[in-house]
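In: Next input, structure requested:
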Amino acid sequence: MATVNRAGHGRSAYRRDEREEMQVGPPMDLSFKKATNMADLSSQRARSVRIGKIPAHSLNQRFLTSSLWLCNNSLTSMNGLENLVNKLLEEPNSLAWLDLSFNNIVEIDDEITKFPNLKILYIHGNSISNLNSLLKLRRLCKLRNLTIHGNPIESIPSYRSFVLCALPQLINLDFAPVVAAERKKAPPAGFFKMINA
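Out: Numbers count the residues shown, from 1 in each chain. Predicted structure coming up:
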């Protein structure tokens, strides 16, 4: 529905509801806060420097967004992530993009599996060295984009092949598209032993 203002120009009276706002709204940006744990971030104000705005609030004073940026902090663990997301976001289960890049995280925590609608996960530039911990991400059926480069795990032989065999739903890994030839490759040596351990 459109209305006409005094100058005769058409103006849309359409307004997005909270669900639509959450899906298209800007991310909740809590990067560069010097936080060492998730609790440190719960009372921080969102940054607007990178994208020029912050997400809108719901009537419950939670943010209407499905994206959360926690990059460039000093986090050593994902512990407390679920509590943080529940506190900040109006619909925690709708979290679709989580950026934990450039922290000091050493392991992928089970808490990450609490967000079944996660499509994008950035964990590059951390301290993750256990290849088996990636298997937890298999429970995220909607995960399509994953970054892990810049972790010690990247130096493991056949690293990319292992990740793509473990997570066949990915369409991008480390900002590079997954090509058909990669999908046809046989699993790297020891793959089945690892996933069944």
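In: Which parts of the protein are helices?
Out: Assignment of helices within the chain using DSSP state H yields the ranges 18-24, 38-41, 81-88, 159-166, 180-184, 191-195.
In: Dead centre of the chain: give me the residue that sits there.
Out: Relative to the mean C-alpha position of the chain, the nearest C-alpha, by Cα atoms, centre = their mean, is the one of residue 98, at 1.8 Å.
In: where does it land on pLDDT?
Out: Residue 98 is assigned a predicted lDDT (pLDDT) of 98.
In: Repeat that for the one 4 residues further on.
Out: Taken from the predicted model, the pLDDT recorded for residue 102 is 98.
In: Relative to residue 49, how far out is it?
Out: Look at residue 102 and residue 49: by Cβ to Cβ, to the nearest Å, they are 16 Å apart. Every residue, glycine included, has its C-beta placed from N, CA and C.
In: which one of these two has more residues nearby?
Out: In this comparison of residue 102 against residue 49, neighbours counted by other Cβ atoms under 10 Å, the higher total goes to residue 102 at 20 against 8.
In: what ranges do the strands span in the chain?
Out: Assignment of strands within the chain using DSSP state E yields the ranges 2-4, 10-12, 28-29, 67-69, 97-99, 120-122, 145-147, 172-173, 176-177.
In: Please convert those to JSON lines, extending it with distance to residue 136.
Out: Rendered in JSON lines, the data for the strands of the chain read as follows (distance: least, Cβ to Cβ, whole Å):
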{"stretch": "strand 2-4", "distance to residue 136": "49"}
{"stretch": "strand 10-12", "distance to residue 136": "44"}
{"stretch": "strand 28-29", "distance to residue 136": "23"}
{"stretch": "strand 67-69", "distance to residue 136": "18"}
{"stretch": "strand 97-99", "distance to residue 136": "14"}
{"stretch": "strand 120-122", "distance to residue 136": "11"}
{"stretch": "strand 145-147", "distance to residue 136": "12"}
{"stretch": "strand 172-173", "distance to residue 136": "16"}
{"stretch": "strand 176-177", "distance to residue 136": "22"}
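In: Select, out of the ones you listed, the one closest to residue 187.
Out: For those, proximity to residue 187 was assessed by Cβ to Cβ; strand 172-173 is nearest, at 15.4 Å.
In: what's that closest one packed up against?
Out: Counting contacts by 3 or more Cβ pairs under 8 Å, 6 or more residues apart in numbering; DSSP states H and E, strand 172-173 packs against strand 145-147, helix 159-166.
In: lowest-confidence stretch among those?
Out: Least confidently modelled of these is helix 159-166, at a mean of 91 by mean pLDDT.
In: for that helix, packing partners?
Out: Secondary structure elements in contact with helix 159-166, counted by 3+ Cβ pairs under 8 Å, 6+ apart, are strand 172-173, helix 180-184, helix 191-195.
In: rank these by pLDDT, which is bottom?
Out: Summarising mean pLDDT across these, the least confident stretch is helix 191-195, with a mean of 64.
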